[in-house]
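Return a 3D structure for these sequence lines:
(one chain, ligands or ions: 2)
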Amino acid sequence: MTSTPKNFRSICTKIICIGRNYSEHASELGNTVPTKPIIFMKPPSAFVIEPNDIKIPSEWDEVHHEVELGVIIDKKCQNVSKEEAEEYIAGYCLALDMTSRKLQNELKDQGLPWLLAKGFDTSCPCGDFIDKNEINLSSSVNLWLSVNGTMRQSGHTRDMIFSVPDIIAFISKYITLERGDLILTGTPAGVGSVKRGDQIEAGINGENDLKYTMKFNIT
Ligand SMILES: CC(=O)CC(=O)C(=O)O
Ligand SMILES: [Mg+2]
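Ligands and ions are numbered 1, 2, ... in the order given. Predicted coordinates:
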C-alpha cells in the first residue's frame, strides 16, 4: 500500500460528518452541546472541486456554508484507540459542508433523516490533499470562510469539543473506516446563507507557513 491517498476523492467510499463540534456553533443554531459525537453522512457524489461551481438544487433559493477541517483515512481500521488514531490518518483537506438549513430544520422537526439537506450533489466542496505532517494535532489551525469578500467564519480547531483522535476512536467503534474515507470534523460559528451569484472563498492557516485557500462560485 502506498503511503498517502492523494487521490482520496476517487477512492473515498464514505464521507462521515460530525455535527455540533464547536459549542459556539451549537448555540448559534439553538442546539444543545453534545456529550457524544453526532455523526451523519454525505455520499461521495457530493464532492466538487475547483474550478467547478457549487450548484444549488433548482427548487431551492439558498443554502448555508459551513467550513470544516477534513481528515483523510490512510488504512482500514476498526475500534481504534485515541492513542492509535493518528497512525490511521493519511492527511487533511479543507472542506465545506453545504447545507439546506431550511430543509434540515423541517426534517429534524419531523424526526426524519437529514440526508437530502446535507448530501445533495456539490454539497461537499473540497480542496487538495494536505500531507499529515503539515498539521500538528496538538496545535490548532484556523479555518475561515468569506462570502463576496466579507468574512463570515473564522474559528480554531482547538475549540473542537471532540478532537480528531476522539472522533476516529468513536466512529471506528461502530463503522469500519477505509483508505480514502473523509471525515468532516464540524464547523465553527458564523454559518449563513449563500445564493446563486455569490462567491465563497475559504482557507486554512496553520503552523509552518501552512496556508491554503479555495474559491467557488454559487450557481
Ligand atoms: C447543525 C449541523 O448542521 C451540524 C453540522 O453539520 C456541524 O456542526 O458542522
Ligand atoms: Mg457541518
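
Residues of the protein that sit close to ligand 1?
Residues of the chain that fall close to ligand 1, judged by CB under 6 Å from any ligand atom: Cys17, Gly19, Arg20, Asn21, His25, Leu29, Glu66, Asp97, Thr99, Gly186, Thr187. All C-beta atoms are positioned from the backbone trio N, CA, C, and that covers glycine.

among those residues, which are in reach of ligand 2?
By CB under 5 Å from the ion, the members of these lying near ligand 2 are Glu66, Asp97, Thr187.

if I read this right, the second one contacts Ser123, doesn't it?
Yes - at 7.3 Å, Asp97 and Ser123 qualify as touching, with contact defined as CB atoms under 8 Å.

Adjacent strands (with direction) for the host helix or strand of Ile183?
Applying DSSP states H and E as the criterion places Ile183 in strand 182-184. Partners of strand 182-184 in the sheet, by DSSP bridges, are strand 15-19 (parallel), strand 67-73 (antiparallel).

what's downstream of that strand, the next helix or strand?
Counting by DSSP H and E, what follows strand 182-184 is strand 192-195.

Which other helices and strands does the biggest helix by length in the chain contact?
In the chain, taking DSSP state H as the definition, the longest helix is helix 164-174. Contact here means 3 or more CB pairs under 8 Å, 6 or more residues apart in numbering; DSSP states H and E; on that basis helix 164-174 packs against strand 67-73, strand 182-184.
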